[in-house]
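Chemist: Predicted model, plus sequence, below.
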Amino acid sequence: MSLEPIAFWGLAVVLLASSLAVVLTRNLFHSVLYLALSLTATAGVFLSLDAEFLAAVQLLLYAGGVVTIAVFAIVVTERLVGDRITQTSRQILTGSILSGALLVALLVVFRRGPLTVPRPTVTGDLTHAIGQSLLTSYVLPFELLGVLLLVALVGALYFARPDD
Amino acid sequence: MTLQAYLTLAAMLFCIGLFGVITRRNTIGILLGIELMLNAVNINLVAFARFLGDVSGMVFTVFTICITVAEVALGLALVILIFRIRRTAVADHLDLLKG
């Protein structure tokens, strides 16, 4: 009996529970905190898939960056509006039906597909392989990504600038 | 764990995110739902990369994570801007284009 199934099921429960909390809590701020938990659990799932580098990137960029930006946006908009940060949901029936139908369709596809490939053993360092791949086969998208990030951050700065 | 287990987990996460995007009224809440959906896609990419023994899926995950961060930064900047002009965070109130 290896530890891997236990880790997977534990992570899956935390991930799904915190994600449900993200879409169901009424307090927007709690919602963001649950999102941080859910993103951290995703980093754990990456670890269970032997992708240590991606787990680190996930923690740094998502759980660190995105959550900080979201909290910042809530604080700013809260101050501007000045009322409570509760939020209501609408069209719960439509949402349940649509997402439930999509889930059933996806599960049917998974059941039909030939998805019983065995998990290959790790050969060499995956982080090393990612780095090599980034700077050889995918070097053009990699550079474009740098430009995209710069443009997005300058754009965000422009939009969020204080009024003159 | 099998590939199917990871795919099922990601499918559930995606559907939870979709539910959030459909039902939330607050713009920031909708963005959080989109985050969950992109997260599910990342799990799929990493799982396929690991089980097929091809590192390209993981490289794509690096790309999607960076693009998501850019999207969130811009999206929330737009939310703040809309707040400043319209004084509302509810997506249904932004109906300027309605004839």
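Modeler: Received the coordinates, thanks.
Chemist: quick one, helices of chain B?
Modeler: For chain B, the helices defined by DSSP state H occupy B:3-23, B:27-52, B:56-86.
Chemist: Specify the angle between the second one and helix B:3-23 in degrees.
Modeler: It stands for helix B:27-52. Counting by axes from the mean of the first three to the mean of the last three Cα atoms, to 10 degrees, helix B:27-52 lies at 170 degrees to helix B:3-23.
Chemist: For helix B:27-52, list every residue counted as buried.
Modeler: By neighbour count on 16 or more other Cβ atoms under 10 Å in any protein chain shown, the buried set for helix B:27-52 is B:27-51. (Glycine included, C-beta is placed from N, CA and C.)
Chemist: Also near chain A: which of these, exactly?
Modeler: Among the buried residues of helix B:27-52, proximity to chain A is found for B:28-29, B:31-33, B:35-36, B:39, B:42-43, B:46-47, B:49-51 (Cβ under 8 Å from any Cβ of the partner chain).
Chemist: quick one: pLDDT of residue 80?
Modeler: Answering for chain A, as no chain was given. With respect to pLDDT, residue A:80 scores 55.
Chemist: oops, I was thinking of chain B
Modeler: At residue B:80, the pLDDT value in this model is 83.
Chemist: my read: it touches residue A:70, true?
Modeler: No: between residue B:80 and residue A:70 there is no contact under Cβ atoms under 8 Å: 11.5 Å.
Chemist: Between those two, tell me which one has more neighbours.
Modeler: Ranked by neighbour count (other Cβ atoms under 10 Å in any protein chain shown), residue B:80 and residue A:70 place residue A:70 first, with 25 against 19.
Chemist: surely that one meets residue A:33?
Modeler: No: using Cβ under 8 Å, residue A:70 is not in contact with residue A:33; the gap is 9.8 Å.
Chemist: Tell me who's in contact with residue B:32.
Modeler: Going by Cβ atoms under 8 Å, 6 or more residues apart in numbering or on different chains, residue B:32 touches A:22, A:23, A:31, A:32, A:35, A:70, B:20, B:24.
Chemist: and the strand or helix carrying the fifth one with chain B, contact?
Modeler: Per DSSP states H and E: residue A:35 is located in helix A:28-48. Yes: between helix A:28-48 and chain B, judged by Cβ under 8 Å from any Cβ, the touching residues are A:28, A:31, A:32, A:35, A:38, A:39, A:42, A:45, A:46, A:48.
Chemist: Just the closest of these to residue A:125, please.
Modeler: Within the residues of helix A:28-48 next to chain B, the smallest distance to residue A:125 is 15.6 Å, found for residue A:46 (Cβ to Cβ).
Chemist: How far off centre is the lowest-mean-pLDDT helix or strand in chain A?
Modeler: Every helix and strand in chain A was compared by mean pLDDT, DSSP states H and E; the lowest is helix A:67-81, with a mean of 76. A distance of 19 Å separates the centroid of the chain from that of helix A:67-81, by Cα atoms, centre = their mean, to the nearest Å.
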